[in-house]
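1. Predicted structure and sequence below. I'll ask about it afterward.
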Amino acid sequence: MKIVAADIIVSSPDRNFVTLKITTDEGITGLGDATLNGRELSVASYLRDHVAPLLMGRDPHRIEDTWQFLYRSAYWRRGPVTMAAIAAVDVALWDIKAKAAGMPLYQLLGGASRTGIMAYGHASGRDIPELFDSIRRHLDEGFRSIRVQTSVPGINAVYGVAAQPSATGQRYDYEPAQRTPLPVEEDWDTRAYLRHLPSVFEAVRNEFGPELPLLHDGHHRMTPIQAAKLGKALEPYDLFWLEDCTPAENQEALRLVRQHTTTPLAIGEVFNTVWDYQTLIREQLIDYVRSAVTHTGGITAMRKLLDFAAQYQIKSGIHGPTDISPVGMAAALHLDLAIHNFGIQEYMKHTPLANEVFRQSFTFTDGYLHPGDQPGLGVELDEEVAARFPYEPAYLPFNRLKDGTVHDW
Ligand SMILES: O=C(O)[C@@H](O)[C@@H](O)[C@H](O)[C@H](O)CO
């Protein structure tokens, strides 16, 4: 079999997605997700201008060789653009291999290690009553693990609160990237957040009891000592994890957090290679790996990363917000089902419009996802519908402190 075409499809059904479609001389096609929120066109260009010509005539079955070739022959290594482009090729090739075998992809990764994939949803509220309603709604929808984000008194707009008004006047809901000519400015005050958050978790535990797994995302905003303080303060509420408590480019910083708290830690959605985790994993400074298949070099690289983590009893918590397309989501689900050290999967539902462009076979029942049993990934791209929604520039917001200093968002 030979690769005869590699097309890049950029489409914006409610938000931007970049999809790679690889076609073989036998007529089998494979899809890969190359979406990098707010920087989509850079990956589209990387693929179209630099990678697609290299793929022509290659044997699609040689996945490891193609991965190594794309990674090493570029000379310039790592980074989100490069690794998202390589991920898209990798996932598309796995899709082709599984379709050629007539099997769902997870079978090629060793087969199912579990019957379903525990998923967590995103509950949020501007105040406690709104948060409780959101948690109840998620429980009604079938979620059995819940991420909790709230507004903080004194701060106007906080990451992750769906009901807050966005810059366009609509709810924030599905997607923090805004279709505005400049990134929207949000405000931040870590001391106010640290004072407020423990009382929110206390209220949630009192209302919903001790069983429900609860998660929280710090979105990179704390220093190590602030993160240590928050982890300690949240210990009575038994979190499943505290995510992205520090920016974590400095892996050693997590030693300090770890020394002070037993709240489990999850990190890595902005990382893109195993090297970003070397110290974190070897020194057991985290409990969950948050990388996205889409941003970390695809299934081939994620499998190696998670096998490394498994040696230290560190589990997966694969990134799955709506900026991971249904193609990237399906790739995550096949991997989740096959690996032994599965932890939890993030799951934010895509909009009905996005689901018209990407027809998926995965299911969500009583808290558990399953990728389905269609050959390959189980996702089809409707290119006619996709063409109706051309790219629209959008930016993620950024933060400023009260004195005007730019802060991590
Ligand atoms: O935990 C998460 O899923 C978030 O941190 C993301 O929603 C993140 O904000 C987006 O991926 C940014 O594009």
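-> Nice, thanks for sending it over. Residues are numbered from 1 along each chain as shown.

2. Could you find the closest non-adjacent residue to residue 366?
-> residue 142 (5.5 Å; Cβ to Cβ, 6 or more residues apart in numbering). To be clear about C-beta, it is placed using only N, CA and C from the backbone, and glycine gets the same treatment.

3. I meant to write residue 208 there.
-> Counting by Cβ to Cβ, 6+ apart, the residue nearest residue 208 is residue 135, at 6.4 Å.

4. And the next helix or strand past the helix or strand hosting the one you found?
-> Assigning secondary structure by DSSP states H and E places residue 135 in helix 128-141. Sequence-wise, the next helix or strand downstream of helix 128-141 (DSSP H and E) is strand 146-150.

5. Report the mean per-residue pLDDT for that following strand.
-> Regarding strand 146-150, the rounded mean pLDDT is 97.

6. Then stretch 94-103?
-> Across stretch 94-103, pLDDT averages out at 98.

7. give me the residue from the stretch 51-200 of the chain nearest the ligand.
-> Ranked by Cβ to the nearest ligand atom, the top residue of the stretch 51-200 of the chain for proximity to the ligand is residue 176, at 5.7 Å.

8. part of a strand, is that residue?
-> No: assigned with DSSP: H, G, I helix; E, B strand; the rest coil, residue 176 falls outside any strand and is coil.

9. check contacts around it.
-> Contact analysis of residue 176 by Cβ atoms under 8 Å, 6 or more residues apart in numbering lists 159, 396, 397.

10. Now with 10 Å, please.
-> Neighbouring residues of residue 176 by Cβ atoms under 10 Å, 6 or more residues apart in numbering: 15, 37-38, 157, 159-160, 162, 166, 184, 186, 219, 321-323, 394-397, 409.

11. could you check the distance from the spatially most central residue of the chain over to residue 32?
-> Residue closest to the mean C-alpha point of the chain, counted by Cα atoms, centre = their mean, is residue 319 at 2.3 Å. Using Cβ to Cβ, to the nearest Å, residue 319 is found at 16 Å from residue 32.

12. try residue 251
-> Between residue 251 and residue 32 the distance is 29 Å, computed by Cβ to Cβ.

13. between those two, which one's more packed in?
-> Counted by other Cβ atoms under 10 Å, residue 251 and residue 32 do not tie: residue 32 has more neighbours, with 33 against 21.

14. pretty sure that one is in a helix, no?
-> No: assignment of residue 32 by three-state DSSP gives strand, placing it outside any helix.

15. Tell me what it is bridged to.
-> Going by DSSP bridges, residue 32 is paired in beta bridges with residue 20.

16. Phi first, then psi, for the residue nearest to residue 366.
-> Dihedral pair for residue 142: phi 110, psi 0, per degrees, to the nearest 10.

17. For the ligand, what's its nearest residue on the stretch 251-400 of the chain.
-> Counting by Cβ to the nearest ligand atom, the stretch 251-400 of the chain gets nearest the ligand through residue 321, at 3.5 Å.

18. check contacts around the residue lying closest to that residue once chain neighbours are set aside.
-> Excluding the flanking residues, the one nearest residue 321 by Cβ to Cβ, 6+ apart is residue 348, at 5.0 Å. Residue 348 makes contact with 119-122, 147, 173-175, 320-324, 329 under the criterion Cβ under 10 Å, 6+ apart.

19. Is residue 106 in contact with residue 336, as I believe?
-> Yes: Residue 106 sits in contact with residue 336 when judged by Cβ atoms under 10 Å, with a separation of 8.5 Å.

20. So those two - more neighbours on which side?
-> A count of neighbours by other Cβ under 10 Å puts residue 336 above the other of residue 106 and residue 336, at 30 against 24.

21. burial measure for the residue nearest to residue 366, as a count.
-> 13.

22. gap between residue 33 and residue 194?
-> 36 Å.

23. what about the closest residue to residue 285 other than its chain neighbours, which SS state?
-> Counting by Cβ to Cβ, 6+ apart, residue 254 is the residue found nearest to residue 285 once chain neighbours are left out, at 4.0 Å. Classification of residue 254 using three-state DSSP returns helix.
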